[in-house]
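A.B. asks: Show me how the following folds:
(2 chains)
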Amino acid sequence: MLNIRDKGAEVWEGWNRPKRVAFVLISIFVAGLLPFAANWGPTSFLNTPITSFQNVLVYPVGMFILMALGLNIVVGKSGLLDLGYVAFFAIGAYSQAILSTKFGWSTWEVLPVGIGIAMFSGMLLGLPALRLRGDYLAIITLGFGEIVRIIALNSKQTGGPNGVAGIPNPPAVFGFKFDLMHPEHYFWLVLGMILLVVWMIRRFTVRRPGRAWEAIRQDEDVAALMGVNTLVYKLWSFVIGAAVGGAAGVLYASKVMVISPDMFKFDVSVLILACVVFGGIGNIWGVILGAGILAYLPDRIRFISDARQVIFGLVLIIMMNVRPDGLLPRKKREKISEKSKK
Amino acid sequence: MNFSVVTSQFWSLCLQGVALGLIYSLISLGYTMVYGVLRLINFANSEVFMVGTFSILFIQVSILKHPLNIKPIHGFQLIGALLLSLVGAMLVCALLAMLVELVAYRRLRAHGTNRLASLISAIGTSIFLSESFRILTHSRPQTSPRLLEKWTFGEIAGANFRIDTVMAIVASIAIFFALDQFVNRSRLGAAIRAVSMSEENSRLMGINLNRVVTLTFAIGGLTTGAAAFFYTTIYENTQFNVGFNLGIAAFTAAVLGGIGNLRGAFYGGLALGLIEQFASAILGSQWKAVTVFLVLVLVLLIKPSGIFGEAVQQTRT
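C.D. replies: Below you'll find the model as predicted:
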């Protein structure tokens, strides 16, 4: 099957540095223009019928890309199946909700704390869970996701089933206001975070943690034999993934202003995982593309309102049957080593 | 916290826990059998259960023409109606499970692709089925007609032996016994066990892999269908998302007993049902899922292969 990923990599490797820099800058610029795409003639077909296109770009599209990238570190890079990723999103969102409404913190103050809490809970979950092998890890993380939601649903501090209302928007930075009138500012903020995460993942990948994750993903026993401290690196990938999810949660809560436990159901974890696998496990660009499509599609096809989830399910089945490695699969050399394992 | 309820209603809670637990065990077979053979979490099984409950509704309301408000029936008519619902649901579920395998898994398996792709395909099937039924039922819960009058055999030590509970317990145990005999004694059962030990070697021994896989899915479907029947006779309602919670509980039961292990699923389900009943009696029903998962985490930490160990020990993923 056609591997666009490898074609792209070939072209990229043929370029010299100025060309690459120019390409990256232009891509970022084009991505930054996306909020205006709905109003511009040739791309107006992108417009979404019910929710405004700019809001769709922030949530679900931007948020899901961010979370899918975070989950990709766990599932794609080190091969750990996490079915409760929404828990970290919920933890981030609830830290923002509680710290801002009860203690009056601004979003920028909550952000590092929220990320910290998410990382800490990731460690708390990971320390016992990561000693188990694949499928048990999946069920434990699934359980963790449900536990976080049930605690949010049943305790007084989190407002029970009604959730928390009146979460303030982030204060303005450099004249960029974050309120209902300016969804494009939110989009740029999310875009900035996505770029930051992409950069972080790329740096990790070429360094020691990235190599360790790759080794763990291909064969954990061999990795351990080669002197990789598997538990530590698995924990790292888990905690970093949790940090990204927590950051997304903080931003999300300050964007929607009202959160309730209903928003953090198992479906969201599944959807994020579907984004990762749909796009191409382990490949950043594939994950971004997959998350973009899967998050955007249900809003675009809202006109067939009732059947859209049915179609979504069908798309997943067909896609996996036609392109089981996702839209943009991993590099070939990474895949070959995976095959030889069998 | 309400510990007095444990002493006052101990036997009653036990009885309900056993009935619920056996329903869990029957569903968990749909996970554990498939996992044993393919090392694959059959996520769509929860929706097979959901379709099973609706098929019973369909059989009782549309084919047997029992409107919701009719009086319970008696005698041979009752036995016939119950048997028809049970067998019908089992067949529908078995066919659906086989169809799911054909559509969602077979092609992926033939290509030898990663297991995550199959998982997403299963999730896609699951979304497709539950959303289709959501649209068909307009998101409304459906009540099933009461064919069986809920008379009781009498109370023993505070436990109310109602006919539907007793029927569920006795029939589930019978199904488990039959299945256990089938897997351990018959030729096809030997083929299933062989494939779960080594796919490669069993193929070399001349076992038709696809047939065994289909059979496994069919068995999982049959038991899930039976579970759907007992569930609807006891609780008398269903909904498009009924499969979700029961599916997770059943999967937990399978892991608890040691996934891939037939007898493990039985005891895992029982244990889970009892834990759930007591946890919801003591802590309140909103915390029961948390307790169940905490128990699961503890069990896995102390004994990672489940209480009864896996059918085939696999130290590597």
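A.B. asks: The helix or strand containing B:M33: what's the following helix or strand?
C.D. replies: Using DSSP states H and E, B:M33 maps to helix B:10-38. The helix or strand immediately downstream of helix B:10-38 is helix B:45-58, counting by DSSP H and E.
A.B. asks: is any part of that next one close to chain A?
C.D. replies: No - Helix B:45-58 stays clear of chain A (C-beta under 8 Å from any C-beta of the partner chain), getting no nearer than 10.0 Å. For the C-beta atoms, the positions are set from N, CA and C on the backbone; glycine is no exception.
A.B. asks: How many neighbouring residues does the closest residue to chain B within the stretch 101-250 of chain A have?
C.D. replies: With C-beta to the nearest C-beta, the shortest gap between the stretch 101-250 of chain A and chain B falls at A:G143, namely 3.4 Å. A:G143: 27 surrounding residues under other C-beta atoms under 10 Å in any protein chain shown.
A.B. asks: now B:D164
C.D. replies: Neighbours of B:D164 under the rule other C-beta under 10 Å: 20.
A.B. asks: can you tell me which residues contact it?
C.D. replies: B:148, B:150, B:230, B:233-234 (C-beta atoms under 8 Å, 6 or more residues apart in numbering or on different chains).
A.B. asks: 10 Å - rerun?
C.D. replies: For B:D164, the contacting residues are B:19, B:146, B:148-152, B:230, B:232-236, by C-beta atoms under 10 Å, 6 or more residues apart in numbering or on different chains.
A.B. asks: which residues in the chain form strands?
C.D. replies: Picked chain A for this. With strands called from DSSP state E, chain A shows none.
A.B. asks: try chain B instead
C.D. replies: Listed in chain order, the strands of chain B (DSSP E) span B:142-143, B:152-156, B:159-162, B:237-238.
A.B. asks: and the residue in the stretch 151-300 of chain A positioned nearest to chain B, what does it touch?
C.D. replies: Nearest residue of the stretch 151-300 of chain A to chain B: A:V277, at 4.5 Å (C-beta to the nearest C-beta). By C-beta under 10 Å, 6+ apart, A:V277 lies in contact with A:68, A:71-72, A:75-76, A:286-287, A:290, A:294, A:316, A:319-320, A:324-326, B:114, B:116-121, B:123.
A.B. asks: Give the buried subset of these as a PyMOL selection command.
C.D. replies: A single PyMOL command selects the buried members of the contacts of A:V277 (16 or more other C-beta atoms under 10 Å in any protein chain shown):
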select buried, (chain A and resi 68+71+72+75+76+286+287+290+294+316+319+320+324+325+326) or (chain B and resi 114+116+117+118+119+120+121+123)
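A.B. asks: Contact residues of the stretch 1-150 of chain B facing chain A?
C.D. replies: Counting by C-beta under 10 Å from any C-beta of the partner chain, the positions of the stretch 1-150 of chain B adjacent to chain A are B:35, B:39-41, B:43-44, B:47, B:100, B:103-108, B:111-132, B:134-135, B:138-139.
A.B. asks: buried subset of those?
C.D. replies: B:35, B:39-41, B:43-44, B:47, B:100, B:103-108, B:113-132, B:134.
A.B. asks: coming back round to it: could you check how far the residue of the stretch 101-250 of chain A closest to chain B is from B:V5?
C.D. replies: As for A:G143, its distance to B:V5 is 25 Å (criterion: C-beta to C-beta, to the nearest Å).
A.B. asks: circling back to that earlier point, how about the residue of the stretch 101-250 of chain A closest to chain B: what's its closest non-neighbour residue?
C.D. replies: B:F293 (3.4 Å; C-beta to C-beta, 6 or more residues apart in numbering or on different chains).
A.B. asks: got a list of what that neighbour touches?
C.D. replies: When contacts are counted by C-beta under 10 Å, 6+ apart, B:F293 touches A:139-140, A:142-147, A:150, B:248, B:252.
A.B. asks: Between those, which sits nearest B:A174?
C.D. replies: Relative to B:A174, the closest of these is B:T252; by C-beta to C-beta it sits at 24.2 Å.
A.B. asks: And the pLDDT at that closest one?
C.D. replies: Per-residue confidence (pLDDT) for B:T252: 84.
A.B. asks: hmm, what's the outermost residue in chain A?
C.D. replies: For chain A, the residue at maximal distance from the C-alpha centroid (C-alpha atoms, centre = their mean) is A:L225, at 31.9 Å.
A.B. asks: Quick one: residues contacting that residue.
C.D. replies: Neighbour list for A:L225: A:215, A:219 [criterion: C-beta under 10 Å, 6+ apart].
A.B. asks: ok, so what distance separates it from A:F64?
C.D. replies: From A:L225 across to A:F64, the span is 38 Å (C-beta to C-beta).
A.B. asks: same check, this time on B:G247
C.D. replies: From B:G247 over to A:F64 (counting by C-beta to C-beta), the distance is 24 Å.
A.B. asks: any weak-confidence spans in chain B?
C.D. replies: Scanning chain B for pLDDT under 70 picks out the ranges B:1, B:67-71, B:113, B:309-317.
A.B. asks: Helices of that one, start to end?
C.D. replies: Using DSSP state H, the helices of chain B run over B:4-8, B:10-38, B:45-58, B:75-100, B:106-110, B:115-136, B:163-185, B:187-197, B:199-204, B:209-235, B:242-257, B:262-283, B:288-302.
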